[in-house]
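[1] need coordinates for the following:
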Amino acid sequence: MSSSTSVALSLARRELVILGTQYAGEMKKGVFTIMHYLMPKCGVLSLQTTTASLQLPTYRVYCSNWTSLHSTHAQTLLDDRIYDLVDTKKSAMDSIAQLLRMNAPNEADATSPVVNEHEPDSAAGAEDSDVESTPQGSAGMRRLEPCYESCEGQVAKARDYEHLHQLQSKQEANDDEDDDDTSHDAMVESISTSLRSAGIGDPGPRVTMDRRAALKKKGVRELSSEALLKEILQKPCPFAKSDVFLKFTKVNRNLAPAVLMEKALAKEKGTYLMASGALATLSGAKTGRSPKDKRIVKDETAEDVWWGKGSPNVPIAEENFIRNRERALDYLHMLDEVYVFDGYAGWELPSRVSIRVVCGRAYHALFMHNMLIRPTAEELKSFKPDVTILNAGTFPANRYTHGMSSSTSVALSLARRELVILGTQYAGEMKKGVFTIMHYLMPKCGVLSLHSGCNIGRNGDLTLFFGLSGTGKTTLSTDPHRPLIGDDEHCWSQNGIFNIEGGCYAKCVDLNPQLEPEIYHAVRFGAVLENVVFTKNSREVDFSDCSVTENTRAAYPIHFIPNARVPCLGPHPSNIIMLCCDAYGVLPPVSKLSRGQTMYHFVSGYTAKVAGTEEGVTEPQATFSACFGGAFLVMHPYRYAALLAEKMDAHATHAWLVNTGWTGGRYGVGSRIKLKHTRAIIDAIHSGELSKQDYSNTPVFNLRIPSACPGVPTKILNPGSQWADQEDFVRTLVHLGEMFKSNFDTFHDPGTMVSQNLLDDILAASPVPM
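    Below you'll find the predicted structure:
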């Protein structure tokens with residue numbers, strides 16, 4: 001493509017596709033082009049003539065070999081004699097030349113046809129000629145190659161649609177002017193840059209932000225629409241050559257939650273206000289992330305990216321990323337208004353990353369208002385994005401773009417610091433897109449990014465909770481006696497721990513005010529509920545109803561949690577708790593980990609799916625996710641493990657493996673460890689009581705288990721003692737150990753990412769057969 005306009009013809013499909021121009025003549029001439037192809041195949045000559053009262057002051061002929069002929073004095077229309085002429089053995093050129101000589105009014109004009117040189121000042125056809133000069137042909141004639149009409153001189157002489165309408169009705173523009181507002185103009189330019197095409201010389205879309213309220217506050221009289229548009233433009237724009245640049249795109253930047261809710265309720269179908277005050281909406285066909293549609297541009301910037309076996313990262317060529325980006329921009333440009341939210345990722349100022357989100361749905365803007373750290377009015381004035389998210393999720397990706405697996409695409413360019421979303425409205429893609437970017441940027445600065453929950457005690461003892469879905473990470477990190485720093489994404493810097501996010505994205509299936517009162521009461525005005533079911537008249541949410549999806553979610557600012565610690569910062573952690581839900585029933589409820597074991601289980605990221613939760617699952621199934629968040633890793637797991645080991649060594653952090661799954665037998669035979677016992681274990685870790693106990697080692701995994709724990713029956717601390725069939729216990733334990741080893745084969749080659757010392761410690765922690 002040479003521009004944003006395309007008139008493309010497929011002769012095989014007999015289809016003409018027009019993009020980027022509303023000029024109706026493209027359809028007319030498209031039909032004519034198709035006739036130029038079809039008719040000669042049937043022995044019919046297709047012609048273009050210019051007539052005036054059946055006279056031919058200018059006469060042009062297109063024949064089947066694309067040769068253009070011109071005669072200035074032909075006076076009659078071609079008749080049936082042409083069929084006799086084209087049936088002869090002479091060439092089509094000779095036939096038409098003979099015909100023109102027969103119709104010439106005098107001998108002087110009965111000469112060989114003259115090639116039209118298509119001079120701009122030609123008296124005939126100068127303004128609407130379809131002929132272009134071409135290279136010299138073999139018989140002294142010039143061949144007319146298939147081509148498109150030049151758009152030079154054929155574009156509307158208008159700067160924008162307002163100007164175009166003024167030209168149409170001969171109205172003069174309002175002469176009202178107002179002083180420029182430097183910060184406003186700078187922000188207009190900044191947003192226009194974010195929406196700029198990758199094309200060379202692209203000036204960016206015509207962005208406007210409604211300033212009437214701001215002007216009134218300053219005591220400035222309200223301007224007319226024309227004067228307002230004139231006032232906000234930075235510079236006169238050259239005449240636009242596409243419809244995108246004729247229109248203004250109204251930008252709604254960092255609107256208040258109440259305004260975003262109003263806009264969503266007014267314009268987005270399936271959006272309702274709940275009795276609690278929360279906004280309930282639908283995310284379309286996709287109610288969860290699309291990991292198979294995630295792509296990262298493979299270029300020189302991506303040299304640290306983990307590719308290959310075991311990696312979640314699928315490469316895409318830069319040119320295909322640009323195609324997706326252009327498709328997203330085309331969609332956003334054609335909307336009457338878009339939403340922009342400028343916010344931050346990371347509560348620690350030195351590590352803070354500026355994020356700009358551009359989207360077409362108010363719901364998405366409200367979601368990111370809740371999930372990112374909200375800037376102050378003063379910070380907004382000088383905001384410059386480090387990363388831009390272009391969310392055109394309502395519009396599908398082109399499945400024929402190389403590298404696309406479906407009409408959904410979540411594509412990240414690390415070089416451009418841009419995330420482009422197409423074909424999915426699930427808001428979680430933006431949240432995890434930011435997390436993926438932080439997984440790339442932070443380790444390069446010596447900061448460890450972690451998929452974890454975090455809380456802090458009254459004495460300043462901070463705990464990190466690692467765990468996959470269903471392990472109890474959110475439940476256990478939300479403790480009424482320990483302020484919450486964050487529930488999902490954190491970083492460990494040289495200064496301590498900080499939350500990446502400004503909000504929480506909680507699962508709300510079976511949400512109960514008695515069991516999870518903090519989350520339940522956070523679902524109020526300003527919160528977003530995704531894909532929940534509610535009663536039509538009362539607008540009360542039925543959290544137990546999974547008719548739309550089991551992945552119902554609530555997004556709310558972290559200060560909606562009464563016990564949250566804001567700013568979300570803390571010291572270096574005293575404890576790291578790795579949670580797993582072992583449905584095989586062979587891992588102890590709690591064990592203390594050595595340095596090597598900590599890295600081994602961190603890289604493994606184990607839990608188990610419970611039989612019956614998915615169709616076809618009849619036995620427990622082991623699930624491994626590197627670093628307890630494998631889907632979001634950008635670099636090799638050893639890169640994160642090396643940073644974790646370094647920081648744990650520097651700050652004497654203890655590590656524990658806590659099993660919230662089964663005891664006394666596998667799922668279906670044994671029973672799940674009681675939540676009160678797990679909470680007692682966590683309390684004993686925090687109090688330091690558990691570190692004072694004597695320890696013994698288990699077979700296969702060589703885990704160190706305490707002899708006692710306050711508030712926990714001693715008999716359940718050793719899993720083997722709870723099984724009635726000891727042989728079955730050993731077989732199951734060995735089988736799980738083999739699955740661990742098989743999974744870890746992916747990570748045997750660390751390259752230079754970890755020291756040989758650390759690598760030896762990690763490999764020594766591997767399960768050993770009995």
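[2] pLDDT weak spots in the stretch 1-150 of the chain?
    Scanning the stretch 1-150 of the chain for pLDDT under 70 picks out 49-150.
[3] try 50
    Low-confidence segments of the stretch 1-150 of the chain (pLDDT under 50): 51-90, 92-93, 95-150.
[4] check contacts around the closest residue to Gly496 other than its chain neighbours.
    Using C-beta to C-beta, 6 or more residues apart in numbering and skipping residues adjacent in sequence, the residue nearest Gly496 is Pro571, 4.5 Å away. Placement of C-beta: from N, CA and C, glycine included. Applying C-beta atoms under 8 Å, 6 or more residues apart in numbering, one finds that Pro571 lies in contact with 456, 460, 462, 496-497.
[5] and if you look at His451?
    Applying C-beta under 8 Å, 6+ apart, the residues contacting His451 are 435, 466, 488-489, 627-629, 632.
[6] and if you look at Val634?
    Contacts of Val634 (C-beta under 8 Å, 6+ apart): 296, 304-306, 313, 414, 436, 439-440.
[7] try it again with 6 Å
    Shown in contact with Val634 (C-beta atoms under 6 Å, 6 or more residues apart in numbering): 305, 439-440.
[8] now do Leu260
    By C-beta under 6 Å, 6+ apart, Leu260 lies in contact with 362, 365-366.
[9] rewinding a little: sitting in helices, which of the contacts of His451 do you find?
    The helices, defined by DSSP state H, take in Phe435 from the contacts of His451.
[10] of the contacts of His451, closest to Val387?
    Nearest to Val387, judged by C-beta to C-beta, of those is Phe435 at 11.7 Å.
[11] residues near the closest one, how many?
    20 (other C-beta atoms under 10 Å).
[12] now do the one 3 residues further on
    The local packing of Met438 (other C-beta under 10 Å) involves 26 other residues.
[13] quick check, it in contact with Ser449.
    Yes. The pair Met438 / Ser449 is scored as a contact, 5.0 Å apart, by C-beta atoms under 6 Å.
[14] just send the contacts of His451 back as JSON lines, with distance to Met404 and pLDDT too.
    Output for the contacts of His451, formatted as JSON lines (distance: C-beta to C-beta, whole Å; pLDDT from 0 to 100):
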{"residue": "Phe435", "distance to Met404": "23", "pLDDT": "97"}
{"residue": "Phe466", "distance to Met404": "33", "pLDDT": "96"}
{"residue": "Asp488", "distance to Met404": "29", "pLDDT": "93"}
{"residue": "Glu489", "distance to Met404": "28", "pLDDT": "96"}
{"residue": "Cys627", "distance to Met404": "28", "pLDDT": "96"}
{"residue": "Phe628", "distance to Met404": "29", "pLDDT": "95"}
{"residue": "Gly629", "distance to Met404": "25", "pLDDT": "93"}
{"residue": "Phe632", "distance to Met404": "21", "pLDDT": "95"}
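[15] go through the contacts of His451 and flag which are in strands.
    Mapping the contacts of His451 onto strands (DSSP state E) picks out 466, 489.
[16] in ChimeraX, select just the buried ones from the contacts of Leu260.
    Selection command for ChimeraX covering only the buried members of the contacts of Leu260, criterion 16 or more other C-beta atoms under 10 Å:
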select :362,365,366
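[17] which among the contacts of Leu260 gets closest to Thr287?
    Using C-beta to C-beta, Leu366 is the member of the contacts of Leu260 that sits closest to Thr287, with 17.9 Å.
[18] neighbour-wise, give me the winner out of the contacts of Val634.
    For the contacts of Val634, neighbours were counted by other C-beta under 10 Å; the highest total belongs to His439, with 25 neighbours.
[19] ok, residues contacting stretch 426-440?
    Stretch 426-440 is touched from outside by 283, 286, 289, 345, 364, 367-368, 371, 387, 389, 410, 414, 419, 421, 449, 489, 500, 505, 632-634, with contacts defined as C-beta under 6 Å, 6+ apart.
[20] bridging residues for the residue sitting nearest the centre point of the chain?
    Closest to where the C-alpha atoms of the chain average out (C-alpha atoms, centre = their mean) is Ile421, at 3.0 Å. Beta bridges link Ile421 to Asn391, Val410 when assigned by DSSP bridges.
[21] residues touching it, list them.
    Here Ile421 is in contact with 391, 393, 410, 429 (C-beta under 6 Å, 6+ apart).
[22] swap the cut-off to 7 Å and go again
    Residues counted as contacts of Ile421 (C-beta atoms under 7 Å, 6 or more residues apart in numbering) are 390-393, 410, 429.
[23] before we move on, what about Ile685?
    Applying C-beta under 7 Å, 6+ apart, the residues near Ile685 are 575, 577, 656.
[24] again with Arg417
    Per C-beta under 7 Å, 6+ apart, neighbours of Arg417: 386-388.
[25] which single one of those is nearest to Arg14?
    Thr388 (40.5 Å).
[26] which SS class is that closest one?
    strand (DSSP: H, G, I helix; E, B strand; the rest coil).
[27] for it, give me the pLDDT.
    In this model, Thr388 is scored at 97, pLDDT.
[28] now Thr463
    In this model, Thr463 carries a pLDDT of 98.
[29] could you find the closest non-adjacent residue to Asp479?
    Excluding the flanking residues, the one nearest Asp479 by C-beta to C-beta, 6+ apart is Asn455, at 5.6 Å.
[30] what lines up beside the helix or strand that contains that neighbour in the sheet?
    Element membership for Asn455 (DSSP states H and E) is strand 448-456. Applying DSSP bridges, strand 448-456 is found paired with strand 462-466 (antiparallel), strand 484-486 (antiparallel), strand 489-493 (antiparallel).
[31] who's in contact with the longest helix seen in the chain?
    Scanning the chain for the longest helix, with DSSP H as the assignment, gives helix 726-744. Residues from elsewhere that reach helix 726-744 (C-beta under 7 Å, 6+ apart): 584, 586, 604, 606, 622, 624, 666, 699-701, 720, 723, 766-767, 769-770.
[32] show me those residues that map onto helices.
    Using DSSP H, Ser604 are the members of the contacts of helix 726-744 that sit in helices.
[33] quick one: which of the contacts of helix 726-744 sit in strands?
    606, 622, 624.
[34] ok, back up a step: among the contacts of Pro571, pick out the one closest to Ile762, please.
    Comparing the contacts of Pro571 against Ile762 with C-beta to C-beta places Ile497 closest, at 23.6 Å.
[35] and that closest one, what helix or strand is that in?
    Per DSSP H and E, Ile497 falls inside strand 496-499.
[36] can you give me the helices in the stretch 501-650 of the chain?
    Along the stretch 501-650 of the chain, counting by DSSP state H, counting those that start in this stretch, helices occupy 517-522, 595-604, 637-651.
[37] which stretch among these comes nearest Asp745?
    Smallest distance to Asp745 across the helices of the stretch 501-650 of the chain (C-beta to C-beta): 11.5 Å, for helix 595-604.
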